[in-house]
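Asks: below is the sequence, then the predicted model.
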Amino acid sequence: MMGAAVTQNDVTTLALRAEPMAAQDVLRLAVEKFGPKVALSSSFGAEDMVLIDMLTRIDSKARIFTLDTGRLPQETYNVIDATRQRYGATIDVFFPQAETVQSMVAEHGVNLFYHSVENRKLCCGVRKMEPLRRALSGLEAWITGLRRDQSVTRTDVHKVEWDVANKMVKVNPLAEWSREDVWKYIRDHNVPYNALHDRGYSSIGCGPCTRAVQPGEHERAGRWWWEHPETKECGLHVSSPESKVESPKSRV
Ligand code: ADX
Ligand code: SF4
């Protein structure tokens, strides 16, 4: 296992190894390298369900956490419970700080996110970013369900990369998967999934900030649908050039 101070150089080596690997092998590599110092960050969307299925086969005690913003749809809570039952997994749930939420809604209103991008980012900061910092504390690496073709903001995602914002390794085993790959895995392995997916919700976040998409719309069109695609990140996944390490793919 790597020592406490994982450097960007260590990550470059790991990233080069991981880039040609299949998703399961990337997960296995992460578990071998980081042991209890790696955790899967799960929103219980389709990608994360694939990762939970794969990860629990590799290590039944693998760490899984979720950020409960307080505004999640009931269907998401249902799939969290289904996951506990199916996999016997312990899910660490991180909530926002009650007092910060109280003062935010007192000042800006409970539906502040609809009023401006600034307000929306404030809400994501309070309900997701601050809890994420607590969830990641003490870890050396975190695993996410990011895919390159999910949005214009994610085209440069690598399977292993240095997360500048959180100063740790970020593992994205499904980076090169398509949406079809995800659903094929779910069907083939009978993986539980959020019931909203069957009602046109291709990507699922908080209830008030997610709607179903129409046929032909982009898969993330229903997230913060009133904003432009370029602003549609809540801050969990900020990307900077330094987060990218040279990979066989980026060299060709
Ligand atoms: S978001 O930033 O726009 O909300 P998205 O829903 O696409 O992200 O999910 C991308 C990845 O971010 C997920 O696969 C998961 O790893 C992580 N993630 C998103 N929301 C949460 C959440 N509420 N709790 C834990 N992880 C999350
Ligand atoms: Fe707030 Fe919407 Fe962000 Fe959820 S997605 S934290 S409700 S702004």
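Replies: Everything's here; your move. Ligands and ions are numbered 1, 2, ... in the order given.

Asks: residue of the stretch 101-250 of the chain closest to ligand 1, please.
Replies: The minimum distance from the stretch 101-250 of the chain to ligand 1, using Cβ to the nearest ligand atom, falls at Gly145 (2.6 Å). Quick note: C-beta positions are derived from backbone N, CA and C, even for glycine.

Asks: so how many other residues sit close to the closest residue to that residue other than its chain neighbours?
Replies: With sequence-adjacent residues excluded and distances taken as Cβ to Cβ, 6 or more residues apart in numbering, Gly145 is closest to Glu47, at 3.1 Å. The number of residues packed near Glu47 is 25, by other Cβ atoms under 10 Å.

Asks: could you give me the buried positions within the helix or strand containing Glu47?
Replies: Following DSSP states H and E, one finds Glu47 within helix 46-58. Of the residues in helix 46-58, Ala46, Glu47, Asp48, Met49, Val50, Leu51, Ile52, Asp53, Met54, Leu55, Thr56 count as buried by neighbour count, 16 or more other Cβ atoms under 10 Å.

Asks: surely Ala18 and Lys159 touch.
Replies: Yes - with contacts defined as Cβ atoms under 8 Å, Ala18 counts as touching Lys159 at a distance of 4.4 Å.

Asks: tell me which of these two has more neighbours.
Replies: Comparing Ala18 with Lys159 by other Cβ under 10 Å, the one with more neighbours is Lys159, at 27 against 24.

Asks: hmm, that one is touching Lys170, no?
Replies: No - using Cβ under 8 Å as the test, Lys159 is too far from Lys170 to be in contact (9.6 Å).

Asks: what about the strands in the stretch 1-150 of the chain?
Replies: 38-41, 63-67, 91-94, 141-143 (DSSP state E, counting those that start in this stretch).

Asks: of the ones you listed, which is nearest ligand 2?
Replies: strand 63-67 (8.7 Å).

Asks: which parts of the protein are helices?
Replies: Shown for the chain, the helices assigned by DSSP state H span residues 8-18, 23-34, 46-58, 74-87, 98-108, 117-124, 130-136, 179-188, 248-251.

Asks: tell me the angle the second one makes with helix 179-188.
Replies: If I follow you right, that is helix 23-34. Helix 23-34 and helix 179-188 meet at an angle of 90 degrees, taking axes from the mean of the first three to the mean of the last three Cα atoms, to 10 degrees as the criterion.

Asks: next, the buried residues of helix 23-34.
Replies: For helix 23-34, a neighbour-count test (16+ other Cβ under 10 Å) marks Ala23, Val26, Leu27, Arg28, Leu29, Ala30, Val31, Lys33, Phe34 as buried.

Asks: return the member of those nearest to Thr210.
Replies: Nearest to Thr210 among the buried residues of helix 23-34 is Ala23, at 25.2 Å by Cβ to Cβ.

Asks: and the residue lying closest to Ser151 once chain neighbours are set aside, how far from ligand 2?
Replies: Distance criterion Cβ to Cβ, 6+ apart; nearest residue to Ser151, sequence neighbours excluded, is Arg220 at 5.1 Å. Distance of Arg220 to ligand 2, computed by Cβ to the nearest ligand atom, to the nearest Å: 12 Å.

Asks: near ligand 2, which residues of the stretch 101-250 of the chain?
Replies: With Cβ under 6 Å from any ligand atom as the criterion, the stretch 101-250 of the chain comes near ligand 2 at residues Phe113, Arg120, Cys123, Cys124, Arg127, Lys128, Gly205, Cys206, Pro208, Cys209, Cys234.
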